[in-house]
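*Asks:* Attaching a predicted model along with its sequence, questions to come.
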Amino acid sequence: MKIARYYQTEAAEALFNAVKDDPNCHPIAAIPTGSGKTMVMSEFIDLYLTHNPTGQVLVLSHVKEILEQNHDALTEHFEGIEIGLYSAGLDSRTIKKITVAGIQSVYTRPKDFKGTNIVIIDECHLVNARGTGMYRQFLQELNSNYVGLTATHFRTGHGYIHIGDDALFNSLVYNKCDIEGFNELISQGFLCKLIAKGTDMKLNTDGLKTRMNDYVSKDMSDRFDREFITNKAVKEIIEYGNSYVKWLVFAIDIKHAEHVADRLNAMGIPTGCVHSKMETNRDVEIGKFKRGEYRCLVNVDILTTGFDAPDIDLIAMLRPTQSPILHIQSLGRGMRIADGKEHCLVLDFAGNVARLGPINDVEIVQKGPSKGGGEARMKECPECMGYLHIAAKECEYCGYVFPVREKIQTTAATDEIIRSSDYVKKTKDWYPVLGVAYSLHTKFGSPNMMKVSYMTQGKTFNEYVCFEHRGFAGHKAKNWVNFRMVNPTNKPVDTDGLIALACGGGLKEPAKVLVDTSGRFPVISDVEFKNG
């Protein structure tokens, strides 16, 4: 039996503690794609049944591959215990103490599951954000508590799925999908690093029609499914992919996928193709890819969830999108670790990284469609074409130093020079603090700093305490420490001592923080502490 990693145990415990004494709490745990969501599920069920020996657990999803994965993982974890599987698509209708079920097969049969005490909804971001749908109908009639697991706790056009009057879930109790959590898992070797590269051939999305907060497939196909574009893209994939083992390509629609696959095969790359209307069983094609009979697999919105091939080390995006979920789930296919795999290369022909940002820091618009047209959140290194944060001064891949540009405007501005007094823009908000973490932050050529991470509902805000710096920064840091110390006589002498003091409970516990978002990065403006 596999042993849970520390964060998998933490996530399971957070879910269990949330529902243990509160039947009205419907929590979510968010961990990145590839970090072992099924182990979180197994650990949670173990905890729940340990405290509720007579209980029954139901695991729901509506994706065939996820149902199979969950059933296999739970069977392995709970060795000797039969795990039920209820899915018409998998030709099984067994109900046991622990049952994995497809929502399509059970939503009209809640009476068959009346003994269920807790429901786990896998990939819970796929639940309809409106007050309708199969999940809601089933849960309402079942009248059991439920929890959610996902790598993307939001929906395009809606925002975070645990916020809002119609939200099915009401609490985010564990989140490793933010910047700090995500990078922590990479640095500790639990996730594989992604390296995104710009490409010579770029798909220009200017003027493309949109519907339901994403580009219209037909419009994309009409513009990009052309022989000369496909030939150029395939040539570039082969050129970059020479030293990579297993490639995954995301295409626009069925014809586009088939054209790309045909071209790759013609160029000597054994390639399979999977889509919703294929004549052969797609499991056969996926099997050939996993066994190495295919070096490349081209797909259309099939392999974004429930697909596990850890040795994928190259992803080519030929499908532009405005959906953060599709963006994250697609690139997440390359984040699983495997022997001999140092990183996964992303060839972003579609410009999704520049459009949507890093997958651990996408911009989520709450309640309402994205307006689009904003400034790109990433930029491309002119030397190696690696994608970097828009504010990066040096390329982390090749060392290229970006020239400093003077911000002088040579033409008259059309914006208001002094905005009228009736316009009020709110740039500061108070956020309740759910937890705080203290860690060491180092920067070459500078004294150490303490990084303070305030975890709020769905967001994490950071500030840096420059305790060993001289001048104003050091003076400000010492005032910061004096203001927060529980025992003013126990002052630290360096950053390590400050971190030890903070982690040992020597600093006051923040209740909420005032965050100023008017600049490029959020700034902590004020703090209120618990117990006065």
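*Replies:* Great, that's in hand. Numbering: from 1, shown residues only.
*Asks:* what's the closest non-adjacent residue to residue 146?
*Replies:* residue 119 (3.9 Å; CB to CB, 6 or more residues apart in numbering). (Glycine included, C-beta is placed from N, CA and C.)
*Asks:* in what helix or strand does that neighbour lie?
*Replies:* strand 118-122 (DSSP states H and E).
*Asks:* Let's verify the residue nearest to residue 39 when sequence neighbours are not counted: helix, strand, or coil?
*Replies:* Nearest residue to residue 39 in three dimensions, chain neighbours excluded: residue 8, at 4.6 Å (CB to CB, 6+ apart). Following DSSP: H, G, I helix; E, B strand; the rest coil, residue 8 is assigned to helix.
*Asks:* likewise the one 5 residues further on?
*Replies:* Classification of residue 13 by three-state DSSP places it in helix.
*Asks:* Please apply the same query to the one 3 residues further on.
*Replies:* For residue 16, the reduced secondary structure class is helix; criterion used: three-state DSSP.
*Asks:* what are the bridge partners for the residue nearest to residue 146, then?
*Replies:* Beta-bridge pairing for residue 119 (DSSP bridges): residue 58, residue 146.
*Asks:* That one - how many residues pack around it?
*Replies:* 22 (other CB atoms under 10 Å).
*Asks:* what packs against the strand holding residue 119?
*Replies:* Packing partners of strand 118-122 (3 or more CB pairs under 8 Å, 6 or more residues apart in numbering; DSSP states H and E): helix 37-51, strand 57-61, helix 134-142, strand 145-150.
*Asks:* try 6 Å this time
*Replies:* With contacts taken as 3 or more CB pairs under 6 Å, 6 or more residues apart in numbering; DSSP states H and E, strand 118-122 sits against strand 57-61, strand 145-150.
*Asks:* now the last one against strand 57-61, angle please.
*Replies:* What separates the directions of strand 145-150 and strand 57-61 is an angle of 40 degrees, with axes from the mean of the first three to the mean of the last three CA atoms, to 10 degrees.
*Asks:* Quick one: name whatever helix or strand follows strand 145-150.
*Replies:* strand 154-155.
*Asks:* about what we covered before: out of the helices and strands packed on strand 118-122, deepest packed?
*Replies:* Most buried of the helices and strands packed on strand 118-122, by mean neighbour count (mean count of other CB atoms under 10 Å): strand 57-61, with a mean of 26.
*Asks:* roughly how far out does that one sit from the chain middle?
*Replies:* Remark: strand 57-61 is offset 22 Å from the chain centroid, using CA atoms, centre = their mean, to the nearest Å.
*Asks:* What of stretch 178-191?
*Replies:* 11 Å.
*Asks:* who wins for proximity to residue 108 among the helices and strands packed on strand 118-122?
*Replies:* For those, proximity to residue 108 was assessed by CB to CB; strand 57-61 is nearest, at 13.8 Å.
*Asks:* packing partners for that closest one?
*Replies:* Strand 57-61 packs on strand 98-102, strand 118-122, going by 3+ CB pairs under 6 Å, 6+ apart.
*Asks:* Pull the residues that contact the last one.
*Replies:* So the one you mean is strand 118-122. Residues from elsewhere that reach strand 118-122, judged by CB atoms under 6 Å, 6 or more residues apart in numbering: 41, 48, 57-61, 66, 144-149.
*Asks:* Go through these and say which is closest to residue 321.
*Replies:* Ranked by distance to residue 321 (CB to CB), the contacts of strand 118-122 are led by residue 66 at 21.0 Å.
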